[in-house]
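Please work out how this folds:
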Amino acid sequence: MLRSWGLFTLMSIRKRLSPEESRAAALAAARELLIETGPQSVTLKAVASRIGRTHANLLHHFGSAAGLQKALAAHIAGTVCDSIGEAVRATRTGAGSPRQVVDLTFDAFDHEGGGALASWMLLSGNEDALDPIVETIHELVDELHPQELEHGAERTMHETTYTLVLLALGEALMGQQLAESLQVDRETSRQRATDMMTASFMKAGDIKS
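Numbering: from 1, shown residues only. I've put the predicted structure just below:
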């Protein structure tokens, strides 16, 4: 039986791919490795083996393991922020909710491995590891709330996003251990974040009370 890897099967990735397709296949495989076995497994050799390519081929696309990991961080941030942007727009029309925005953000750092990847890259000495994530989030908030960029304007959603991301990152890295130690429901952080997002949406006029 042929094993399927996300959008790419063994049969499809053995054919000649364009540089864009090859890079996309590598990032899809890297993301699966990250979720399955953690950031330490996201190496050029492991990704190349999974998609049936050579180490040299991956080296050509990413330059190094650190380059691959940084590209993966940008890939995760981009796809997640696209979903968050859609959720925010849906909330404004009444088709979504602040809780959906919170869950997408928390899941990006926890279940999608974003928090573990970021911490691993920093420990490995990749000082600009967080740049792709930070820049993508920054661009999204600026796009969704351009009025806050005006001189002297309150930066309600920028401040809320800052707090939300720090909550999500902290929850991903030590939420379970801290919740058990303090004997609180781990859901508490998401609920507090939802209350904060709801208040900020209302203050910004994105939703009505």
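
Pull out the buried residues from the longest helix seen in the chain.
In the chain, ranked by residue count with DSSP state H as the criterion, the top helix is helix 65-93. For helix 65-93, the neighbour count (16 or more other CB atoms under 10 Å) marks 65, 68-77, 80-81, 83-85, 87-88, 91 as buried. From N, CA and C alone the C-beta is placed, and that goes for glycine too.

Which strands or helices does it pack on?
Secondary-structure packing of helix 65-93 (3 or more CB pairs under 8 Å, 6 or more residues apart in numbering; DSSP states H and E): helix 19-37, helix 44-51, helix 55-62, helix 98-109, helix 114-123, helix 131-144.

Compare those helices and report which one is nearest to His151.
Smallest distance to His151 across those (CB to CB): 14.6 Å, for helix 131-144.

and the closest one, how far out from the chain's middle?
Computed by CA atoms, centre = their mean, to the nearest Å, the chain-centroid distance of helix 131-144 equals 11 Å.

packing partners for it?
Contact partners of helix 131-144 among helices and strands, from 3+ CB pairs under 8 Å, 6+ apart: helix 65-93, helix 156-182.

Quick check: which ranges of this protein have low pLDDT?
Along the chain, segments meeting pLDDT under 70 span 1-17, 209.

Can you give the domain ranges for it?
Per automatic domain parsing, the domain ranges recorded for the chain read 4-62, 66-204.

Could you verify that Val184 is part of a strand?
No: read with DSSP: H, G, I helix; E, B strand; the rest coil, Val184 is coil and lies in no strand.

so how far is the first residue of stretch 92-100 from its last?
For stretch 92-100, the first-to-last residue distance is 12 Å (CA to CA, to the nearest Å).

cool, and stretch 145-163?
End-to-end span of stretch 145-163 (CA to CA): 16 Å.

repeat for stretch 144-160
13 Å.

Identify all contacting residues around it.
Applying CB atoms under 8 Å, 6 or more residues apart in numbering, the external contacts of stretch 144-160 come out as Gly85, Val88, Arg89, Val141, Asp142, Met196, Met197, Ser200, Lys203, Ala204.

try 10 Å this time
Under the contact criterion CB atoms under 10 Å, 6 or more residues apart in numbering, stretch 144-160 has outside partners 84-85, 88-89, 92, 98, 101, 138, 141-142, 161-162, 164, 193, 196-197, 199-206.

List buried residues within those.
Burial by neighbour count, 16+ other CB under 10 Å: within those this picks out 84-85, 88, 98, 101, 141, 161, 164, 193, 196-197, 200-201, 204, 206.
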